[in-house]
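S.K.: A structural model of the following input is requested.
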Amino acid sequence: MDVYTSISTRKSVRAFRDRDVPENVISRLLEAARLAPSASNRQEWRFVVVRNPETRKRLARVASGQKFVGEAPVVIACCAETDDHVMACGQPCYPIDVAIAIDHLALCATAEGLGTCWIGAFDEGQIKEILGIPPQIRVVALLPVGYPQDLALVEKSRLPLEKIVKYERW
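M.R.: Here you go, the predicted structure:
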């Protein structure tokens, strides 16, 4: 699958087949994330891959009770080991850099026939406790990964380019 197809067919998946994701596939997804660009090449992203069913269920409970999080065969806690560097434009690096890495991972997951869903509704302190994540590490997102139950394409509702793009000046 080319990158444009992956972008156009990616969707948030909240129902997964009861099918394991091979380790070599997860490794390819993590490699895609590792190759993402980052501010000043800081590479602050860190990932915790969770396969244990009981741990996944615990994560689901502290992710606003979103049961599907625990039903995915893999949940990746996407984290940052950060020095809280702020770019010259005033934006902190770590949330942007981790987001870029997550996007690489999610698009590659789509190309592999997998589904993902970006989860930002969670209690960071409880996630850290469950996964043994040190206090100085930030948890940016959870990413359930698995084979989708529903393979149907989803019509994306997006604003037209004319609404979101300006040329030369606002």
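
S.K.: Where do the helices of the protein begin and end?
M.R.: Shown for the chain, the helices assigned by DSSP state H span residues 3-9, 23-34, 53-62, 67-71, 93-111, 124-131, 161-164.

S.K.: Quick check: which of the ones you listed is nearest to L153?
M.R.: helix 3-9 (6.0 Å; CB to CB). C-beta here means a position set from N, CA and C on the backbone, and glycine is covered the same way.

S.K.: May I have that closest one as CSV, with CA atoms only?
M.R.: Extracted C-alpha coordinates of helix 3-9, given in CSV (Å, rounded to 0.1, in the frame of the first residue of the first chain):
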residue,chain,number,x,y,z
VAL,A,3,1.4,6.2,1.6
TYR,A,4,-1.4,8.1,0.0
THR,A,5,-3.7,5.0,0.1
SER,A,6,-2.7,4.5,3.8
ILE,A,7,-3.6,8.1,4.6
SER,A,8,-6.9,8.0,2.8
THR,A,9,-8.0,4.6,4.2
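
S.K.: quick thing: my sequence starts at 19, can you match it?
M.R.: From this message on, residue numbering opens at 19, which makes the last subject helix 21-27.

S.K.: Who are the packing partners of it?
M.R.: Contact partners of helix 21-27 among helices and strands, from 3 or more CB pairs under 8 Å, 6 or more residues apart in numbering; DSSP states H and E: helix 111-129.

S.K.: The helix it packs on: which residues count as buried?
M.R.: 111-112, 115-129 (16 or more other CB atoms under 10 Å).

S.K.: Give me the residues contacting that helix.
M.R.: 19, 21, 23-25, 27-28, 46-48, 50-58, 60-63, 94, 96-98, 100, 102-105, 133-134, 136, 156, 158-159, 161, 163 (CB atoms under 8 Å, 6 or more residues apart in numbering).

S.K.: For that helix, the averaged confidence score.
M.R.: For helix 111-129, the mean pLDDT works out to 98.

S.K.: just the angle between that helix and helix 41-52, please?
M.R.: Following axes from the mean of the first three to the mean of the last three CA atoms, to 10 degrees, one obtains 140 degrees for the angle between helix 111-129 and helix 41-52.

S.K.: Just the CA atoms of helix 111-129, as PDB, please.
M.R.: The C-alpha atoms that make up helix 111-129 are tabulated as PDB, following Å, rounded to 0.1, in the frame of the first residue of the first chain:
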ATOM      1  CA  CYS A 111       8.900  19.700  21.400                       C
ATOM      2  CA  TYR A 112       7.800  16.500  23.000                       C
ATOM      3  CA  PRO A 113       4.100  16.400  22.200                       C
ATOM      4  CA  ILE A 114       4.700  17.300  18.600                       C
ATOM      5  CA  ASP A 115       7.600  14.900  18.100                       C
ATOM      6  CA  VAL A 116       5.700  12.000  19.800                       C
ATOM      7  CA  ALA A 117       2.600  12.800  17.600                       C
ATOM      8  CA  ILE A 118       4.700  12.600  14.500                       C
ATOM      9  CA  ALA A 119       6.100   9.200  15.500                       C
ATOM     10  CA  ILE A 120       2.600   8.000  16.400                       C
ATOM     11  CA  ASP A 121       1.300   9.100  13.000                       C
ATOM     12  CA  HIS A 122       4.200   7.200  11.200                       C
ATOM     13  CA  LEU A 123       3.200   4.200  13.300                       C
ATOM     14  CA  ALA A 124      -0.500   4.500  12.600                       C
ATOM     15  CA  LEU A 125      -0.100   4.900   8.800                       C
ATOM     16  CA  CYS A 126       2.200   1.900   8.700                       C
ATOM     17  CA  ALA A 127      -0.300  -0.100  10.700                       C
ATOM     18  CA  THR A 128      -2.900   0.700   8.100                       C
ATOM     19  CA  ALA A 129      -0.600  -0.500   5.400                       C
END
